[in-house]
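Novice: Model the structure of this input:
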Amino acid sequence: MSKLRKEGVSTGRRQFVSGVSSIAIAAAAAPAILTSKKAHAAGGQMTLVSWGGAYRQAVEESVVKPFMKETGVQVTIIDTPDLAKLKAQIQTNNVQWDVFDAPNALGVAGANAGFWEPLDLAMFDRGDLVIDIKNNLLPWYVFVGGIAWDPAKYPAGKHPRNFREYFDVKAFPGRRTFRNRPSETFEAALLADGVSPKHLYPLDVDRAFRVLERIKPNVVKWIDQTPQTLTLLQTGETDFSYTYASRVKPAKASGQSVDFSFEQTVNGFEYLAVVKNAPNKANAMKFLAFAARPDRQAAFMELIGNTPGSKKALTLMSPESRKWIPDLQSENSVLMDDSWWAKNFDEVTRRFKEWTMS
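Specialist: Numbers count the residues shown, from 1 in each chain. Modelled structure (predicted):
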């Protein structure tokens, strides 16, 4: 991959790690329509493309329903953000989505492609954000990716706790899952191969493929739809799964037998963006401003965990929910480098998709 540029960890990453750590220590296909005739008449409508399952329910309860009540805007939620589908909508002048819920690599790749509308910066309390708005992306929260298992089947000592163990199928035999994208997957592979988090970027793409080649026969699913990272574990179709703390927290709260390792995690920003030529641009802007409010972020994080993008939101969260916030100063974990993915996402993704199908 000679075309891949070498980039250091961004200044934004350093500022975020420092800021959040100090605060934390101190303190699908068929859309679901949340609507009412009154709301439709009063405030218009908009469409949010987000992620399904318990995450979607949390978004509905903490952000969407309160937004609809306050503004009268009807919100349609569609599962599984997809840049290829969005590109087709934009190219055919048939944009159907207004707000895109984007993990870091998808967000910066979309920014490179010109898929996002410029945000009205006056609508946001930028001083409250852990990092500033950049590339037309609102930093919503930091997600936590890691290893999950069923403790009833795999008690202590019988399940992997870090990525080196996750890739060790001899010591921990069983089926695995990974996301169907190189971001997060490559980070996990290189960490498994002994690369230090502080020296992870620029990613050694060839080395990542070599590591993944060793575990490929044990991967039962390259997952597109996020809820499957947990449902496949719960149905016994996989033994260990790469998933998110935000999936495991509500599952545990509902009494499901599942656990998550914070020993080593891949962390990254989740952004909200307004889609280029969004049919309901004004309402989409209002939604982002509403979602950025400390009270809404705190309510959202109470349901799923994670680190909010609002500094004030941390002080509104319960001690129990703060337990799900990772230590970003840990020597074992990594905060993904958006600047590297911004330059390399498209090229690496094409190669990765070809590899998974070979």
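Novice: From now on I want contacts and neighbour counts done on CA atoms only, so please keep to that.
Specialist: Will do.
Novice: hey, where'd the strands end up in this structure?
Specialist: For the chain, the strands defined by DSSP state E occupy 32-34, 45-50, 74-79, 99-103, 138-149, 176-179, 219-223, 240-244, 259-260, 266-274, 307-308, 334-335.
Novice: Single out the most deeply packed of these.
Specialist: Greatest average neighbour count among these goes to strand 307-308 (a mean of 28), per mean count of other Cα atoms under 10 Å.
Novice: beta partners of the residue most central in space within the chain?
Specialist: Nearest residue to the geometric centre of the chain (Cα atoms, centre = their mean): Pro103, 4.1 Å. Listed beta-bridge partners, Pro103: Glu270 (assigned using DSSP bridges).
Novice: so it makes contact with Thr226?
Specialist: No - using Cα atoms under 8 Å, Pro103 is not in contact with Thr226, being 11.5 Å away.
Novice: Show me which helix runs longest in the chain.
Specialist: For the chain, the longest helix by residue count, based on DSSP state H, is helix 338-356.
Novice: I'd like to know the average pLDDT value across that helix.
Specialist: Averaging pLDDT along helix 338-356 gives 95.
Novice: ok, and what's touching stretch 292-312?
Specialist: Residues outside stretch 292-312 that contact it (Cα atoms under 8 Å, 6 or more residues apart in numbering): 20, 23, 55, 58-59, 62-63, 124, 128-131, 138-144, 245-247, 249-250, 290-291, 313-314, 316-318, 321-322, 324-326.
Novice: which of those are buried?
Specialist: 20, 55, 58-59, 62-63, 124, 128-131, 138-144, 245-247, 249-250, 290-291, 313-314, 316-317, 321-322, 324-326 (16 or more other Cα atoms under 10 Å).
Novice: Now do the buried residues in stretch 91-99.
Specialist: 95-99.
Novice: just stretch 189-208 next, same as before
Specialist: 189-193, 195, 197, 200-205, 208.
Novice: right, and the pair among the residues you listed with maximum separation?
Specialist: Based on Cα to Cα, the longest span within those runs between Ala192 and Pro202 and measures 16.2 Å.
Novice: Helices of the stretch 51-200 of the chain, start to end?
Specialist: Ranges of helices within the stretch 51-200 of the chain are 53-59, 65-71, 83-91, 104-112, 163-166, 182-192, based on DSSP state H, counting those that start in this stretch.
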